[in-house]
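> Quick one: sequence and predicted model below, then my questions.
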2 protein chains.
Amino acid sequence: MSLWRLLIGRPLKVTEAAEEEIGAPEGLAALSLDALSSIAYGPQAMLLVLAPAGVAALGLVMPLTWTIVLLLAILVFSYSQVIEAYPEGGGAYAVSKDNLGPAAGRLAGAALIVDYTLTVAVSIAAGVAMLTSAFPALLPWTVPLDLTLLLLLTGINLRGSAESGRAFLPPTLVFIVSVTVVLALGLLHALSGAPAVIHPAHPAAAAAAPAAGAVGTVGILLLLRAFASGCSALTGVEAIANGVPMFAPPRVRRAKTTEFLLGAILGVQLLGVSYLSLHYHADPALAQTVLSQVAAAVVGRGWLYYVVTLSTTAVLALAANTSYGGLPILASILARDDYLPHIFALRGDRLVYNSGILVLTALAAVLLVVANGNTNALIPLFAIGVFTGFTLSQTGMVRHWLRRRPPGYVLRAGVNGLGAVLSGGATLVFILTKFAEGAWIVTIAIPLLYVLFVRIHAYYRNLERVLRTGQTPPRPIRRSTLAVVALPGVSRLATLALSDARSLASDVLAVTVVQDPETAERIEREWEAWDPGVRLVTLTSQHTSIVRPLLRFIRSLEVRAQGRVLVLIPEVIPRRPWQRLLHNRIGVMLAAHLRAQRNVIVAMLPVHVHDPAEAAHPAGHAAGARRR
Amino acid sequence: MSLWRLLIGRPLKVTEAAEEEIGAPEGLAALSLDALSSIAYGPQAMLLVLAPAGVAALGLVMPLTWTIVLLLAILVFSYSQVIEAYPEGGGAYAVSKDNLGPAAGRLAGAALIVDYTLTVAVSIAAGVAMLTSAFPALLPWTVPLDLTLLLLLTGINLRGSAESGRAFLPPTLVFIVSVTVVLALGLLHALSGAPAVIHPAHPAAAAAAPAAGAVGTVGILLLLRAFASGCSALTGVEAIANGVPMFAPPRVRRAKTTEFLLGAILGVQLLGVSYLSLHYHADPALAQTVLSQVAAAVVGRGWLYYVVTLSTTAVLALAANTSYGGLPILASILARDDYLPHIFALRGDRLVYNSGILVLTALAAVLLVVANGNTNALIPLFAIGVFTGFTLSQTGMVRHWLRRRPPGYVLRAGVNGLGAVLSGGATLVFILTKFAEGAWIVTIAIPLLYVLFVRIHAYYRNLERVLRTGQTPPRPIRRSTLAVVALPGVSRLATLALSDARSLASDVLAVTVVQDPETAERIEREWEAWDPGVRLVTLTSQHTSIVRPLLRFIRSLEVRAQGRVLVLIPEVIPRRPWQRLLHNRIGVMLAAHLRAQRNVIVAMLPVHVHDPAEAAHPAGHAAGARRR
């Protein structure tokens, strides 16, 4: 417990909840890193599909990138409308539930949970890939590095107050500026007509001729697969719309500015990376990432290269962090709507949703280990969830405008409708083209989560009905109770336990289990000599188990009893934890078995043997209490 | 639980305890396999020390083997005297405690526990080594095979009735006869003067000249190390003396016959294996065991070779099984003497000591995994425990004879005294020569166990004093009890819990934790409107934890209370196990924290929400009970 405190910090008061009001630059740092950092894996994922098909296929890179940037522009406009319509934060869950009903909300919630998890895994894998690109000696340590980074994020988030736009601003700016400088230098170089260094392992050099003819035949499928991979760069475009309440007034204007800023930066950088990766013949199949290859080709492995690499790593790690901001809050909302266990709505000592954080870490760790830390293995699973969310919230927005009909609602509905159609189409493309590569997992996970939500909701509804929450319940009544004390025989333990039993219940019965009639007789004789005023029932069993005959006896009582049966189990509490091993767990096992028994209340009676007062007085604890 | 039943079988009645009366041949099968099977690793362990020192060192093999056989003869005579003196079973623990006092008993007990564990590990490792010698394809699977065999033995022993002399007789006889036939054929061959096949990798061929000169200088230490390794063949000689009560009358005569039979067979086979391993230049450093090399050299890899190999594997596995007969019973005796946790004295459903069996398996598994299934790595740890036991029980026997002074007691004491001196000397040699190779572990483990015994004994003594076991305790008294019910607010849960509380205690207090004054006011208003006849205490906390304020409140009550505080915690019991995840663990956490609290009794109140009766009636369980 104290180690936990040391790592996590003292408990915070509920009034200490961090509140920060941010502007557009901080908005980029706090809400847009997932989208901005995706230039580190998006163009690479697209190249990885096209490169093996040869030179002609590489000719599709720029047209596809332009298509993706166009989709980005439409999504940015669509989300700027979401920002206007939902200044209180329009996550896909809220917008879908609001406009399309609870079923759409559940679907959006399930899609978002899958996607937050994948964002963490992909961002960490891509971040560590940037690191190992710069320092190849670290390559064998990829998965341990992934998991270390993941644990670091978990620790920071369990401490709370991690969602700090101000703190994230410096690395974000370094990243944006350094990448832009490298891309600009590369473009200048390319436009000046200087010859590019051709990578020897590049497929364009190795296998251009035979593959060129194949483009025509597999063209459409290849095109769609490359498009689907490239769209992984668009994840996170929706985050600003979720976080409008974080902005300083005028909220809507600042949030919209941030959204457009994000769109502009991301679009330009995507085009730049794609163009230069073609120009420098970057090979997506290498262990070195495409972004790292481009940077190294433009500026060499000098200081600027390391600035780009390390700031990209940092920004990718922070991008994973934004999921830690998102999923636990989404889970808490789902829990409050009775779609997830209520524990997700409980805040821990540091005012963060511990359960959500820990579940996110566990899921991401599994993904990273299974994918062996390989970003490209995770990409096919990625983006399906986000684009499902895009589709639902854009469709919801169309409904929103058609219902309210504000001035210009036709145009607004048109923008969101275009976004919905394109997102929906992209989602279908993702599922169809990536199904065999892993997307089937997502197509199972999302419906499973949906069913889980429905079943959890049904359980809580029924519970509410049974407990009649919100109504005035009947008044409590008094009943007779029979106390049963399980004892090994006559000893001071019996005195203590029977004292408690007689204090709590009108009828008391002692019960003991023996294996042979001689022991039974001996114990009965001792009991009579003692005469504690309580009847003893001796159960003779031919088996060695003590728990089973006791259970059978208590169950038989329960059937006969007029009211409740209180089972008292004396439990010796030693001074030191290791000494617990010296006591048989019969009492604990009995309690565990009786736990779910109808009309039976189980109580453990702690007996402190190390206590000098209890050792001195016959019924020391009572005497001790009276003294005070 | 049903899988457990399937594997282990139905519970047995205590009267069903297996009783078997055996003769001398069955005695060999039931009690001597540990000793007999050691020809599979003893000579090899000795060779492994001598072979690297060259041809001259190999000249020491036969003299050393004769010394070990002489020691065997003395031990056999010594133990035949133990059999006479302790027909009720004279284990080292009993003999030492009886004659030398409890400290010697504890030391013997500790040594035996270490040794039983090592016997299991060494026998299994050697058995699997015989198997992989015959089928080298299995070599990479050594550790998994070890663990599988270990689990098989564990399962058989948890089922009980494994110690069957009759069932073990066939493989034992096959083993004794086939090994004897192979050795006899080999000797005939050797005496006929036919040339032996020289193994190409044998160190005598490869490095004879340079090593020959070194023998003179390292001679004594080498000799002692080889002797210590070879003595691993003598472990298990004491087992018959432990098991005298198993024999059919006349017990003592039959047991002594078995002991002498064991001595004769083991002595002859040790000499034969040592002689032939020299003759055939067996290489102890190979993956193939020495016994397997000898058998292959004598009869080729024909059917007789496989009979020897497989029967040796079987007998080694059964030798491990004899430790499963020994350690759990020893642990139960130590537990009854208050030296080990009492759980070791509890028999399971199948009338065997489950805890002892499981602990033995866990310890042996750790040894096998750490030693990577290599017999030679375990040999240095082996035999120290056994020979400590030999020394203590032989010393005890000297004391026994000198006390009772029966006719011929001087000679008897002399025999046991010689056994004690030689065993003690051997123990010292083992520790000194094998210390760095791993024996240090044993020299730490045995004293640690000794200290553990002393501390456990002190705990139980104190417990007995505090509980005044054996005296008539004071009679129980009646006291006032304050019941505290932790509630989230007004609901039917409150009705149920307060009904129970008012039935059990004279004073009842409800308590709830809220984070803000508004909620506090609302709940208090609802409570007043309800008017259940119980006072509500509202604890306002600025932190999110609900458990901590409740704990603080209950502890403050406990200080003020005149008697005991009964804390009632309502716990919703859902129909399906997965639904438990839908309830916060606040109640369980509170109960765990209050567990060791003085003067506090914690009771969980099960509330069955799926119960139609409880759902229909306002205080349904009481009504339901009355209906019956």
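Received the coordinates, thanks.

> Tell me the confidence at A:Val451?
pLDDT, A:Val451: 95.

> Could you do the one 10 residues further on as well?
The pLDDT attached to A:Arg461 in the predicted structure is 90.

> try A:Ile477
A:Ile477 carries a pLDDT score of 84 in this model.

> Wait, a helix at it?
No. Counting by DSSP: H, G, I helix; E, B strand; the rest coil, one finds A:Ile477 to be coil, located in no helix.

> now it, nearest residue through space, not along the chain?
B:Ser499 (5.2 Å; Cβ to Cβ, 6 or more residues apart in numbering or on different chains). No exception for glycine: its C-beta is placed from N, CA and C like everyone else's.

> element containing the one you found, please.
helix B:492-504 (DSSP states H and E).

> Quick check: what element follows that helix along the chain?
Defined by DSSP H and E, the subsequent element after helix B:492-504 is strand B:507-514.

> what angle separates that following strand from helix B:492-504?
With axes from the mean of the first three to the mean of the last three Cα atoms, to 10 degrees as the basis, strand B:507-514 and helix B:492-504 are set at 150 degrees to each other.

> Would you mark the buried spots in the helix holding B:Ser499?
B:492-504 (16 or more other Cβ atoms under 10 Å in any protein chain shown).

> same question, stretch A:327-347
Residues of stretch A:327-347 classed as buried by neighbour count (16+ other Cβ under 10 Å): A:327-335, A:337-347.

> Going by residue numbers, what spans are strands in the stretch 501-628 of chain A?
Using DSSP state E, counting those that start in this stretch, the strands of the stretch 501-628 of chain A run over A:507-514, A:535-540, A:564-573, A:600-608.

> Would you mind measuring from the spatially most central residue of chain A to chain B?
With distances taken as Cα atoms, centre = their mean, A:Leu360 lies nearest the centre of chain A, 2.2 Å away. Relative to chain B, A:Leu360 is positioned 17 Å away (criterion: Cβ to the nearest Cβ, to the nearest Å).

> Pretty sure that residue sits in a helix.
Yes. According to three-state DSSP, A:Leu360 belongs to a helix.

> Ignoring the adjacent residues along the chain, who's closest to it?
Closest residue to A:Leu360 apart from its sequence neighbours, by Cβ to Cβ, 6+ apart: A:Leu327 at 4.9 Å.

> mind giving me the domain ranges of chain A?
A:22-461, A:481-627 (automatic domain parsing).

> First-to-last residue distance for the longest one?
Terminal residues of domain A:22-461 lie 39 Å apart, using Cα to Cα, to the nearest Å.

> now that domain, how far from the chain's geometric center?
Centroid displacement of domain A:22-461 relative to its chain, using Cα atoms, centre = their mean, to the nearest Å, is 17 Å.

> again, but for the last one
Between the centre of domain A:481-627 and the centre of its chain there are 45 Å (Cα atoms, centre = their mean).

> related to what we said a few turns ago, tell me which residues in the helix or strand where the residue nearest to A:Leu360 lies are buried?
If you go by DSSP H and E, A:Leu327 is part of helix A:303-336. Within helix A:303-336, the residues that count as buried by 16+ other Cβ under 10 Å are A:304-305, A:307-335.

> ditto for stretch A:479-496
A:479, A:481-496.

> So is it next to chain B?
Yes. Using Cβ under 8 Å from any Cβ of the partner chain, stretch A:479-496 comes into contact with chain B via A:Arg479, A:Ser480, A:Thr481, A:Val490, A:Ser491, A:Arg492, A:Leu493, A:Ala494, A:Thr495.

> returning to what we had before: tell me which of the strands of the stretch 501-628 of chain A sits nearest to A:Leu60.
Among these, the nearest to A:Leu60 by Cβ to Cβ is strand A:600-608 (69.9 Å).

> avg pLDDT for that closest one?
Strand A:600-608 comes out at a mean pLDDT of 85.

> repeat for stretch A:402-411
90.

> got the residues of the stretch 251-400 of chain A near chain B?
Neighbours of chain B within the stretch 251-400 of chain A, by Cβ under 8 Å from any Cβ: A:Pro341, A:His342, A:Ile343, A:Leu346, A:Arg347, A:Gly348, A:Asp349, A:Leu351.

> what's the closest of these to B:Ala85?
Of these, the one sitting nearest to B:Ala85 (Cβ to Cβ) turns out to be A:Ile343, at 66.3 Å.

> what sits against that closest one?
By Cβ atoms under 8 Å, 6 or more residues apart in numbering or on different chains, the contact list for A:Ile343 reads A:Ala335, A:Ser355, B:Leu581, B:Asn584, B:Arg585.

> Where does pLDDT dip in the stretch 401-550 of chain A?
A:470 (pLDDT under 70).

> Helices of that one, start to end?
A:409-434, A:440-467, A:492-504, A:517-530, A:547-560 (DSSP state H, counting those that start in this stretch).

> With adjacent residues omitted, what lies nearest to A:Thr361?
Going by Cβ to Cβ, 6+ apart, A:Thr361 has A:Thr154 as its nearest residue, at 4.5 Å.

> Could you check how many residues crowd around the one you found?
A:Thr154 sits with 19 neighbouring residues when counted by other Cβ atoms under 10 Å in any protein chain shown.

> do the same with A:Val179
The number of residues packed near A:Val179 is 26, by other Cβ under 10 Å.

> I figured it hits A:Leu270, correct?
No. A:Val179 is beyond contact range of A:Leu270, at 11.0 Å (criterion: Cβ atoms under 8 Å).

> Mutual contacts of the two, please.
Common neighbours of A:Val179 and A:Leu270 (Cβ under 8 Å, 6+ apart) are A:Ile39.

> Next, the angle from the helix holding B:Ser499 to strand B:535-540.
Per the same axes, to 10 degrees, the angle that helix B:492-504 makes with strand B:535-540 is 130 degrees.

> any idea how far A:Asp516 is from the residue of chain A most remote from its centre?
Going by Cα atoms, centre = their mean, the residue of chain A most distant from its centre is A:Ala529, 63.5 Å out. Remark: distance between A:Ala529 and A:Asp516 (Cβ to Cβ, to the nearest Å) = 20 Å.

> Could you do A:Thr313 as well?
Using Cβ to Cβ, A:Thr313 is found at 73 Å from A:Asp516.

> Check A:Asn242 too.
71 Å.

> Compare those two (neighbour count), which wins?
With neighbours defined as other Cβ under 10 Å, A:Asn242 and A:Asp516 compare such that A:Asn242 has more, 27 against 13.

> From chain B, how far out is the more buried one?
Taken as Cβ to the nearest Cβ, the span from A:Asn242 to chain B is 23 Å.

> Thanks a lot, catch you later.
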